[in-house]
Structure formats: C-alpha cells, structure tokens
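Chemist: here's a sequence, model it:
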Amino acid sequence: MIETTDFRNAMSLLTTAVNVITTEGTSGCHGFTASAVCSVTDTPPTLLVCMNQTSRSHAHFIENKILSVNVLGAQHEQISNAFASKLRSEERFKQGSWTELETGAPVLEDALVSFDCEIEQIQEVGTHSIFMCRVVAIKQSQQDESLVYFNRAYHQVGQVEIA
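Modeler: A predicted model of the protein is given here:
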C-alpha cells in the first residue's frame, strides 16, 4: 500500500503547467488554480480537468456545465496564488483582466493560451471529480514563457530573450 504522503512527494517531482480554471453561470463566477489538466484527444478536441470535491466552488462548476482553462504565463504567479487562496471569488477576479469567448466562462486576457470548454462528462475518482471538457474555442497569446510547478515551487520555462 502506497502512503498518501509518499504519493504526494513523488507527484511533486512531476513538472506541470499552472492553470486557472474558471466558470460563470447561474451559480455565479468562480475559479481555482489547478495543475491536473491534460489533453485527452484532438478529435473532438477534449481536455480533462481534475477538481477536489471538497472545493467550495465544486458545485458551481457542475451546475454551470462550462469552464475555461487559462494556462498561466511566467508573469502570473500572483494570479495563481490568488485563485489558490481563501479569497472570495469577487476578490480573485480583481487580479488580471478578464474577457470571454464562446461559453461565457472568464478568460484571462493575457493567458499563454485559454481553452473555452463545455463539460460533457464527470467521473468521480476518490476525492476528485474528473471533468471531460469539449473545447469550443481557443485564444492564444504571443507569450513564450510559461509558469510551471515543480518540487512545490514555481518556475519559468520558455524562450528567454537575451539582450
């Protein structure tokens, strides 16, 4: 049997992109920071997003049935921290500039890339829900540096220009 702490320690060595996942709808505007996001297939374009069921905004994502995955650039560490904090939703969205694409879920204007999605399926596994999300719109920026999380710390990767 693998201990929870051993698994978490091992997973901290898996470098992941930092994302802010957002939703908007009848239950309001909500968002959280996540690293558990990945491509499922390109036909049709589909992502999976994992969310802890104990999250205070979990029910809102299920009710709204839409979300946007905003992949953070190197300059977005403060936004990541805000969406991972105990701040209320209204306070979180004061960080950054927000727009929308097809679904109405908030899209960070200067995100590295944003995927606007409809949640098509939800699978519960242990403590988390896995949202299977059909991508209906994509907005890509001109940035080339990404914010990643490795060994419990932020790092920046990408094309750094040397002057």
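Chemist: and the closest residue to residue 46 other than its chain neighbours, how many neighbours?
Modeler: Distances taken as C-beta to C-beta, 6 or more residues apart in numbering put residue 40 closest to residue 46, at 4.2 Å, once the chain neighbours are dropped. Any C-beta I mention is one placed from the backbone N, CA and C, and that applies to glycine too. By other C-beta atoms under 10 Å, 14 other residues sit near residue 40.
Chemist: phi, psi for residue 40 please.
Modeler: phi -110, psi -50 (degrees, to the nearest 10).
Chemist: any idea how far it lies from residue 66?
Modeler: Per C-beta to C-beta, to the nearest Å, residue 40 is found 17 Å from residue 66.
Chemist: next: residue 107.
Modeler: Per C-beta to C-beta, residue 107 is found 11 Å from residue 66.
Chemist: where do the contact lists of the two overlap?
Modeler: Here residue 107 and residue 66 share the contacting residues residue 116, scored by C-beta atoms under 8 Å, 6 or more residues apart in numbering.
Chemist: neighbour count: the two, which is higher?
Modeler: Neighbour totals were compared for residue 107 and residue 66, and residue 107 leads with 23 against 19 (other C-beta under 10 Å).
Chemist: name the nearest residue to that one, ignoring sequence neighbours.
Modeler: Nearest residue to residue 107, sequence neighbours excluded (C-beta to C-beta, 6+ apart): residue 114, at 4.5 Å.
Chemist: which helices and strands sit right next to the helix or strand containing the one you found?
Modeler: Assigned by DSSP states H and E, residue 114 belongs to strand 113-125. When contacts are defined as 3 or more C-beta pairs under 8 Å, 6 or more residues apart in numbering; DSSP states H and E, strand 113-125 sits against strand 45-52, helix 58-64, strand 66-71, strand 106-108, strand 128-140.
Chemist: just the CA atoms of the third one, as PDB, please.
Modeler: So that's strand 66-71. The C-alpha trace of strand 66-71 is given here as PDB (Å, rounded to 0.1, in the frame of the first residue of the first chain):
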ATOM      1  CA  ILE A  66     -18.800  25.200 -18.600                       C
ATOM      2  CA  LEU A  67     -15.300  26.100 -17.800                       C
ATOM      3  CA  SER A  68     -12.200  27.800 -19.300                       C
ATOM      4  CA  VAL A  69      -8.700  26.500 -18.700                       C
ATOM      5  CA  ASN A  70      -6.300  29.500 -18.600                       C
ATOM      6  CA  VAL A  71      -2.700  28.400 -18.900                       C
END
